[in-house]
Each structure stands twice: as C-alpha cells, then as structure tokens.
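In: Any chance you could fold what I've pasted below:
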Amino acid sequence: PRGAALLPQVVDHYENPRNVGSLDRNSKNVGTGLVGAPACGDVMKLQVEVDEHGKIVDARFKTFGCGSAIASSSLATEWVKGKTVDEALKIKNTDIAKELCLPPVKLHCSMLAEDAIKAALADYKLKQDPNREEAEKKA
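Out: Numbering: from 1, shown residues only. The predicted structure follows:
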C-alpha cells in the first residue's frame with residue numbers, strides 16, 4: 001500500500017477540498033495572501049472575509065501544488081472561519097501538520113498554509129488602516 005492510505009485526512013481534503021474559489025480582492029473586508037515555495041513549486045492563494053466585528057465569516061483558497069499543499073490550505077480555510085483575526089493568527093503550521101498527519105517531507109506545505117493565513121490577515125489589516133504603513137516607515 002502507498003503512503004496515501006495512511007493519511008485519510010489528506011486524501012479527504014484533497015479529493016473534497018473545502019472553500020475552493022476566490023473572494024473579491026478589491027473589497028475592503030477581504031484580505032488576500034499569496035505565498036509560494038519556490039523549492040517545490042507550490043503556490044497558495046488564501047483569502048479571508050472579515051465582518052465589522054473582526055470575525056472571519058468566509059475564506060477561500062486556490063492552491064497549485066501537491067495533495068498535501070491542497071489539503072493544508074483546505075484545512076486552513078476551515079479553521080479560520082468563525083475566528084477573530086487575532087485567533088486566526090494563532091493557527092500554527094504544527095497544528096495543521098498534526099491534524100493532517102503530514103510526514104516530515106511535507107511539513108513545508110503546512111508552513112505555507114500558516115504563511116498564507118498571516119499574509120491574508122496582514123493584507124486585510126492594511127486595508128483597514130492604509131496610513132499605518134506610512135506612519136511606520138516614518139518612525
């Protein structure tokens with residue numbers, strides 16, 4: 001038997017990925033994170049939609065990569081929904097890897113998912129306060 005038989009969660013998320021698609025990247029309430037791992041060629045786009053109370057109400061992803069990368073981003077979108085921005089920032093790649101039982105050679109996939117969450121939330125925060133970055137540059 002091949003290794004995939006040992007990882008039913010990965011296969012499930014790969015064969016039935018959750019939240020595939022795109023949100024309106026120009027919306028003020030949508031944060032978009034685009035991250036890639038040049039070494040393996042995986043590219044992950046993760047988007048979050050945040051309501052006026054700072055709660056993530058929707059998340060979408062598009063991933064070009066292996067089954068573990070797709071599964072990691074699918075799981076990440078499931079986990080961020082319903083969380084506040086601050087709660088979502090606490091999601092760690094180790095938690096994603098543990099949930100999916102990723103083998104060591106695929107840990108970069110869970111790291112990519114964590115990076116994508118952080119990038120999407122950073123983009124969202126920037127849209128909420130576009131002057132903050134300018135102020136930080138001057139400081």
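In: quick one: average confidence on stretch 16-36?
Out: In this model, stretch 16-36 carries a mean pLDDT of 95.
In: in it, what's buried?
Out: Within stretch 16-36, the residues that count as buried by 16 or more other Cβ atoms under 10 Å are 17-19, 23, 29-36. C-beta: built from backbone N, CA, C; applies to glycine.
In: Which of these fall in strands?
Out: Of these, the ones assigned to strands by DSSP state E are 30-36.
In: which one among the residues you listed gets closest to A113?
Out: Using Cβ to Cβ, V35 comes nearest to A113 of those, at 8.7 Å.
In: what sits opposite that closest one in the beta ladder?
Out: M44 (DSSP bridges).
In: Quick check: it touching L112?
Out: Yes - if you go by Cβ atoms under 8 Å, V35 and L112 touch, sitting 5.7 Å apart.
In: residues shared between the contacts of the two?
Out: Common neighbours of V35 and L112, counting by Cβ atoms under 8 Å, 6 or more residues apart in numbering, are M44.
In: who does the lengthiest helix in the chain touch, helix- and strand-wise?
Out: For the chain, the longest helix by residue count, based on DSSP state H, is helix 107-128. Under the contact definition 3 or more Cβ pairs under 8 Å, 6 or more residues apart in numbering; DSSP states H and E, helix 107-128 sits against strand 30-37, strand 42-50, helix 67-80, helix 85-88, helix 93-100, helix 130-138.
In: pretty sure V80 is touching A59, no?
Out: Yes - if you go by Cβ under 8 Å, V80 and A59 touch, sitting 5.0 Å apart.
In: between those two, who's got more neighbours?
Out: A59 (29 against 24; other Cβ atoms under 10 Å).
In: Quick check: the gap between that one and N16.
Out: Per Cβ to Cβ, to the nearest Å, A59 is found 16 Å from N16.
In: Kindly report the same for L23.
Out: For L23, the distance to N16 equals 20 Å [Cβ to Cβ].
In: How about N93?
Out: As judged by Cβ to Cβ, N93 and N16 stand 22 Å apart.
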